[in-house]
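Visitor: This is the structure alone, sequence omitted:
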């Protein structure tokens, strides 16, 4: 692609070690032109990191279908951001009000000749409805569309660098799980277990977690999601520990379930069922398999154990710069038909096996889909009883 | 208020120590009826905790203008949630798809006789645009409005229990800041400082933070917001440490700036200026004062020091179940005119004093507005140099 597509300084900056990713920008711009999208208004961390290779709180940038991107940054950050990105065009603001005006003005300048430019926005969890409403009021002539057709296609297939970062996140998750296991004993609170896991993951290089740390014990093991409370863990409890550490923007998901002391026969059966369901799901991670095929494989194991009523569809979802990204069938039902491609990264074990009155069990790992066997990006023993 | 307003079992449950808050529900329902809102569709943690006194991941509940609330929970959570809330009517779902159907059906049953019921939704950061679009498509007859006129009025004035929880969050923040100070030295990374602060706050009873922990060092001290990276802190650096721990849903905000070693004259001036600006802002925390008056007081100190160009409006915002809630003038400009009321809780020190090429300084504390002096809910020495 010719240089005029991008800021020349950006090409030089990237060549000299700047964090900007010209190849990703060009790929997105090509798709935007095909989709008739004039600009992508970047408002979220994941896509900001994807293009700019660095993170900042409340990232704001505009990527036109042609030409250099504009980063909208606080004036105190201008100098540093130019140096980091190797990008000469940074639009700076002094107040939050000015930031909004800068976005609006940048849009107007960019599309002075277009009566109704089409602007893509990410329609996912991190784009608040009220912000979009404010943006549309300030830019009444813009037609706002979902950027998913551009970004989902790019982001769902990972490059080797991304796989490497996720593998590192996976190692951090294992460090956190080890710390949780060391801490788990009757009398300790869920929050104390979370504290040790969180601390171990930070010390191992993680920059926090993409979801709250789940330490769901006793009756709370049956929860669909979770958190960590001041509840004291008791002898005989099932305890679901779910960790999604972030390393340089990238997530890995590792979940294990433990029982405090000798497991009951029912607990053993729940655990064995989940283990076989997860194994069946992992075996289904083949190029061309649809997300529903992974569900079907796991479901068969639930059925065989007589737990079909308790199967929660959506045992697998994609993961990367976001904890849950396309394909994510529990959020977008149409994603259930997505076929797996080489170098996708997905989890298996998203659904809890939750039996009312008994409790819940869950085992989740992250995988790299390859032309051979799926390659685990998380690794931790699936042991169960803690004495 | 008569009992028929609420589920009788809820009244009994609350009386018997259930977590449901009937008095808050009744107050909201009264305002909803005045505002012509038929139901409030609760999708966010803050308002869920406000009414139900407990938290769960992806909370979903419907509060009609009259009658008992409906909590929509995963079937594995039904038993526990009924016991916790003391609420007999919990609508359970088995899959995420069913959850959406349950919401839709509950709405239809509730408004069978109304052609176009008005449903309030929180229009703030935690309500994603795509979710609202899905909800509107599934409920085309509903008229969706912002619930702010109901909830802002209720939540901006805190009761003694809420003040107590925020005071506890403030104590947790101080514990985190002590840990940060113990860790700060040249050669340590920002992330290592964050790790120690985070760990100390969890151990002190916090359940995580409402915003990422900021450890902004060196050139990054000039950032408007922040994060913590692998950057090694250096001799002479300014380091902004910003902590917003959460205790049982409630936040407190504490921010301090340090200099590594002997401060330069310019660093001293920045610090002294910020300190006097914060003091002026605190002195302005009087019942009846508008949010802009607090800004004006702080700005005068910046002007006196010749830093007027670097003043970022919005030095104060309300805080409680959310890190930033109404009044929050940097998000909703019209909130700048809001007058302070007794028992509001606000921070002073939200703006960074960021001088390009020099760095940034910020000191932020949380206060309870009273009829006398504002009462600090955070307390930590405003010392500066770390040797």
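Guide: Sure, I can see it. Owing to the predicted nature of the structure, the values given are computational and were not obtained by experimental measurement.
Visitor: Could you pull out the helices in the stretch 51-200 of chain A for me?
Guide: Using DSSP state H, counting those that start in this stretch, the helices assigned to the stretch 51-200 of chain A run over residues A:78-85, A:96-110, A:129-138, A:148-155, A:160-183, A:190-203.
Visitor: helices and strands around the second one, which ones?
Guide: Just to be clear, that refers to helix A:96-110. strand A:39-42, strand A:61-64, strand A:70-74, strand A:90-93, helix A:129-138 (3 or more CB pairs under 8 Å, 6 or more residues apart in numbering or on different chains; DSSP states H and E). No exception for glycine: its C-beta is placed from N, CA and C like everyone else's.
Visitor: Format these as TSV; extra columns: mean pLDDT and mean neighbour count.
Guide: Putting those into TSV (pLDDT from 0 to 100; neighbours: other CB atoms under 10 Å in any protein chain shown) gives the following:
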stretch	mean pLDDT	mean neighbour count
strand A:39-42	96	26
strand A:61-64	94	22
strand A:70-74	89	25
strand A:90-93	83	20
helix A:129-138	90	17
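Visitor: As a markdown table, the ones you listed with distance to chain B would be great.
Guide: Below are the helices and strands packed on helix A:96-110 laid out as a markdown table (distance: least, CB to the nearest CB, whole Å):
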| stretch | distance to chain B |
| --- | --- |
| strand A:39-42 | 12 |
| strand A:61-64 | 15 |
| strand A:70-74 | 4 |
| strand A:90-93 | 9 |
| helix A:129-138 | 4 |
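Visitor: Single out the most deeply packed of the helices of the stretch 51-200 of chain A.
Guide: Highest mean neighbour count among the helices of the stretch 51-200 of chain A (mean count of other CB atoms under 10 Å in any protein chain shown): helix A:190-203, with a mean of 25.
Visitor: can you tell if that helix touches chain B?
Guide: Yes: using CB under 8 Å from any CB of the partner chain, helix A:190-203 comes into contact with chain B via A:191-192, A:194-195, A:198-199, A:202-203.
Visitor: Specify which member of the residues you listed is nearest to residue A:59.
Guide: residue A:202 (22.2 Å; CB to CB).
Visitor: Look up the closest residue to that closest one, ignoring the ones flanking it.
Guide: residue B:195 (3.6 Å; CB to CB, 6 or more residues apart in numbering or on different chains).
Visitor: what's the answer for residue A:354, then?
Guide: Here the residue nearest residue A:354, using CB to CB, 6+ apart, is residue B:76, at 3.3 Å.
Visitor: show me the contacts for the one you found.
Guide: A:222-224, A:352, A:354-356, A:360 (CB atoms under 8 Å, 6 or more residues apart in numbering or on different chains).
Visitor: Does the nearest residue to residue A:305 once chain neighbours are set aside lie in a helix or a strand, and which?
Guide: Leaving aside its sequence neighbours, residue A:305 sits nearest to residue A:273 (CB to CB, 6+ apart; 4.1 Å). Assigned by DSSP states H and E, residue A:273 belongs to helix A:265-283.
Visitor: Contacts for that helix, please.
Guide: By CB under 8 Å, 6+ apart, the list of residues contacting helix A:265-283 reads A:238, A:257, A:259, A:263, A:294-295, A:297-302, A:304-305, A:307, A:315-316, A:348-349, A:353, A:355, A:358-365, A:367, A:374, A:382, A:384.
Visitor: In a strand, residue A:258, correct?
Guide: Yes: Residue A:258: assigned to a strand according to DSSP: H, G, I helix; E, B strand; the rest coil.
Visitor: I'd guessed it sits against residue A:381; true?
Guide: No: applying CB atoms under 8 Å as the test, residue A:258 and residue A:381 come out as separate, 10.9 Å apart.
Visitor: Those two: which has the busier surroundings?
Guide: residue A:258 (25 against 10; other CB atoms under 10 Å in any protein chain shown).
Visitor: so which helix or strand takes in residue A:242?
Guide: Per DSSP H and E: strand A:238-243 holds residue A:242.
Visitor: Check residue A:360 too.
Guide: strand A:359-361.
Visitor: ok, and what's touching the helix or strand just after that strand?
Guide: Following strand A:359-361 in sequence order, the next helix or strand is strand A:365-368 (DSSP H and E). Strand A:365-368 is contacted by residues A:158, A:163, A:166-167, A:170, A:252-255, A:278, A:282, A:285, A:319, A:343-349, A:374-380 when judged by CB under 8 Å, 6+ apart.
Visitor: Now which of those residues would you call buried?
Guide: The neighbour count (16 or more other CB atoms under 10 Å in any protein chain shown) marks A:158, A:163, A:166-167, A:170, A:252-255, A:278, A:282, A:285, A:319, A:343-349, A:374, A:376-378, A:380 as buried among these.
Visitor: so of those, which ones are in helices?
Guide: Using DSSP state H, the members of the buried ones among the contacts of strand A:365-368 that fall within helices are A:163, A:166-167, A:170, A:278, A:282.
Visitor: No further questions, thank you.
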